[in-house]
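*Asks:* The following block contains a protein sequence and its predicted model.
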Amino acid sequence: MRFGAAKRAPGKSVSEEQTGSITRHSSGFDQFCSLLEKSENLSILDMSGVSQANISFITGFGHRISNDDIMGTMFDCFGNDFLQSQQAASNAQRFLDQTLTFPEASFDGALVWDAFQFLTSPLIEQAIAHLFRVMRPGGIMLLFFSSNEKATRIPVCSYRIRDRKTITQIPRGSMYQRGQYFNNRMLERLFENASSIKFFLTRDHLRELIVRR
């Protein structure tokens, strides 16, 4: 079992008891769990950093879990200005060099959460290509994107599993500027190489996706 080192935003705690956390229902995660129930000995990637709650939940199904704190890597590479800093080629390359550095076809499932919504083109397409590289054929990915068209700034969060239908969002600092709004058509283009995409539109302005490799 492999556990990656958790990364944190400078000066920001990712404690699971942090004030301001929000517990919410997730239909997308509920469907992701159907894979866990129907299969054995899967390898799952959690891109929200090391969490005992998430480790216990995934291993409780008899599966393995690995971690890659993609938001922590963003803080390290881009500082507190995600939108502008990632436009520098050196920053973008540093991010790609430190993200998803697992061997090819390592995972059957990936909990990406909402990290990709902070990336802009061409970095988001490159990150998705990295993700597809480490996924096995038929593997599924859970991703979140804000569905609030009017929001220009959105919170950076870590995600902790409560049960198969409930997750907790834990803030990791202030609101951050969103690079672009991802509607369904744009997301379909980003994941055009996937075998299938399923959308879940929630009441709290979060678009959930199940993407199958």
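*Replies:* Cool, got the structure. Numbers count the residues shown, from 1 in each chain.
*Asks:* For the rest of this, base every contact and every neighbour count on C-alpha atoms.
*Replies:* Will do.
*Asks:* what does whichever strand or helix holds F200 contact?
*Replies:* Counting by DSSP states H and E, the element that carries F200 is strand 196-201. Residues outside strand 196-201 that contact it (Cα atoms under 8 Å, 6 or more residues apart in numbering) are 27-28, 147, 188, 191, 207-213.
*Asks:* And the next helix or strand past the helix or strand containing S34?
*Replies:* Counting by DSSP H and E, the element that carries S34 is helix 27-38. Once helix 27-38 ends, the next helix or strand along the chain (criterion: DSSP H and E) is strand 43-46.
*Asks:* Report all helices and strands that the helix or strand just after that next one contacts.
*Replies:* Later in the chain than strand 43-46, the nearest helix or strand by DSSP H and E is helix 52-60. Contact here means 3 or more Cα pairs under 8 Å, 6 or more residues apart in numbering; DSSP states H and E; on that basis helix 52-60 packs against strand 64-67, strand 153-163.
*Asks:* Distance from the strand holding F200 to the middle of the chain?
*Replies:* Taking Cα atoms, centre = their mean, to the nearest Å, one finds the center of strand 196-201 at 15 Å from the center of the full chain.
*Asks:* Partner strands of that strand and their direction?
*Replies:* Paired strands of strand 196-201, with direction, are strand 206-212 (antiparallel) (DSSP bridges).
*Asks:* now the protein, which segments are flagged as low pLDDT?
*Replies:* 1-19 (pLDDT under 70).
*Asks:* cutoff 80 now
*Replies:* The model of the chain has pLDDT under 80 over residues 1-19, 173-174, 177-179.
*Asks:* Let me see the contact set for the residue nearest to F61 when sequence neighbours are not counted.
*Replies:* Nearest residue to F61, sequence neighbours excluded (Cα to Cα, 6 or more residues apart in numbering): L36, at 6.5 Å. The contact partners of L36, by Cα under 8 Å, 6+ apart, come to 42, 58, 61, 63.
*Asks:* ditto for S43
*Replies:* 63-66, 106-109.
*Asks:* Which residues does stretch 143-153 contact?
*Replies:* Taking Cα under 8 Å, 6+ apart as the rule, stretch 143-153 contacts 111-117, 154, 175-178, 181-183, 201, 205-211.
*Asks:* next one: it to chain centre, how far?
*Replies:* For stretch 143-153, the separation from the chain centroid amounts to 14 Å (computed by Cα atoms, centre = their mean).
*Asks:* Could you list the alpha-carbon positions for that stretch in PDB?
*Replies:* Provided in PDB are the C-alpha atoms of stretch 143-153 (Å, rounded to 0.1, in the frame of the first residue of the first chain):
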ATOM      1  CA  LEU A 143     -14.400  15.200 -10.700                       C
ATOM      2  CA  PHE A 144     -16.100  18.300  -9.400                       C
ATOM      3  CA  PHE A 145     -16.500  21.700 -11.200                       C
ATOM      4  CA  SER A 146     -18.400  24.800 -10.000                       C
ATOM      5  CA  SER A 147     -21.600  25.200 -11.900                       C
ATOM      6  CA  ASN A 148     -22.200  28.800 -10.800                       C
ATOM      7  CA  GLU A 149     -21.700  30.900 -13.900                       C
ATOM      8  CA  LYS A 150     -21.600  34.200 -11.900                       C
ATOM      9  CA  ALA A 151     -18.900  33.100  -9.500                       C
ATOM     10  CA  THR A 152     -15.400  34.500 -10.300                       C
ATOM     11  CA  ARG A 153     -13.800  33.300  -7.100                       C
END
